[in-house]
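Novice: Mind folding the following:
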Amino acid sequence: MDRLLELSSMAAKQTMFAQAVNTNNLANISTPGFRKDLVAFSGTNASAEQKTTIDASSGVVSTTGRNLDIAVSDQGWLAIAAPDGSEAYSRRGDLRVDAFGQLTDGAGNAVLGNGGPIAVNDFSNIEISDQGFISITPRGGDATEQQTIDQLKLVTLNAADLAKGADGLLRLRNNQVADQDPTVRVQSGALEASNVSSVEALVRMMDLARKYESQVKIMQHADQDQQALDSILKFS
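Specialist: Numbering: from 1, shown residues only. I've put the predicted structure just below:
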């Protein structure tokens, strides 16, 4: 009975973890470039480690026509500065210039260039080339005379080498920093969507809820059977 209770308790714990991961995926269905998490477990007892891996499949790329929207190609990633100052990596391409003249992604993280966070002077027009070069036309300047101010730090990474931190950002394992890859290309005026399928995530949510309910019932029955056995042994 104790073994049955242990196994059902472990299964319920794993199901709750999987449900939390699935809920987070669903919550990010509208986040550009988001890569959904997959659940992985190691071990077969109550202390089994719960962890996630990243689904490397691409999201659908849609044309927006907005100059600061980019879609990173193939295995390329955009380098960003995490709030703690470390370097993180993202496929999120909804870029913007904040009130301080800093180029950020849609979540407010500073986008990195050749020398760190990219500062953008006052401009009337801004463009990003397929190699990630950022060019502006200064406000009041000649529209035919653009200035190249920096280049996006674009890197090539294997999703298996990335780990998600408590802040939800992706970093290389062991705090390593990737080198710029000049072969990575971006598509300007386009955005890559999340690779989360709403239908798949909702079906999984219902399936996990049913599994959890079944596991709780097994625990209840195992506890009742144990109590009945204890009563029999008590009077034997």
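Novice: residue ranges with poor pLDDT in the protein?
Specialist: 1-9, 41-49, 143, 219-236 (pLDDT under 70).
Novice: where do the helices sit along it?
Specialist: 2-27, 198-235 (DSSP state H).
Novice: Domain ranges for the chain, per the record?
Specialist: 1-56+194-236, 61-160+174-192 (automatic domain parsing).
Novice: Including distance to A166 and mean neighbour count, could those domains go into a markdown table?
Specialist: Heads up, the C-betas are built off the backbone N, CA and C, glycines and all. Formatted as a markdown table, the domains of the chain follow (distance: least, CB to CB, whole Å; neighbours: other CB atoms under 10 Å):
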| stretch | distance to A166 | mean neighbour count |
| --- | --- | --- |
| domain 1-56+194-236 | 12 | 15 |
| domain 61-160+174-192 | 10 | 16 |
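Novice: Now tabulate the ones you listed in TSV and tack on distance to D167.
Specialist: Below are the domains of the chain laid out as TSV (distance: least, CB to CB, whole Å):
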stretch	distance to D167
domain 1-56+194-236	13
domain 61-160+174-192	6
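Novice: quick one: stretch 89-106 to chain centroid distance?
Specialist: Centre-to-centre, stretch 89-106 and its host chain are 16 Å apart (CA atoms, centre = their mean, to the nearest Å).
Novice: how far does that stretch stretch from start to finish?
Specialist: Taking CA to CA, to the nearest Å, the first and last residues of stretch 89-106 lie 14 Å apart.
Novice: Likewise for stretch 189-200?
Specialist: 29 Å.
Novice: Kindly report the same for stretch 62-73.
Specialist: 13 Å.
Novice: got it, and stretch 128-136?
Specialist: 9 Å.
Novice: what do you get for stretch 54-66?
Specialist: For stretch 54-66, the separation between the terminal residues is 28 Å (CA to CA).
Novice: quick one: contacts of that stretch?
Specialist: Here stretch 54-66 makes contact (CB atoms under 8 Å, 6 or more residues apart in numbering) with 32-38, 71, 75, 91, 158-160, 162, 164, 170, 187, 189-195.
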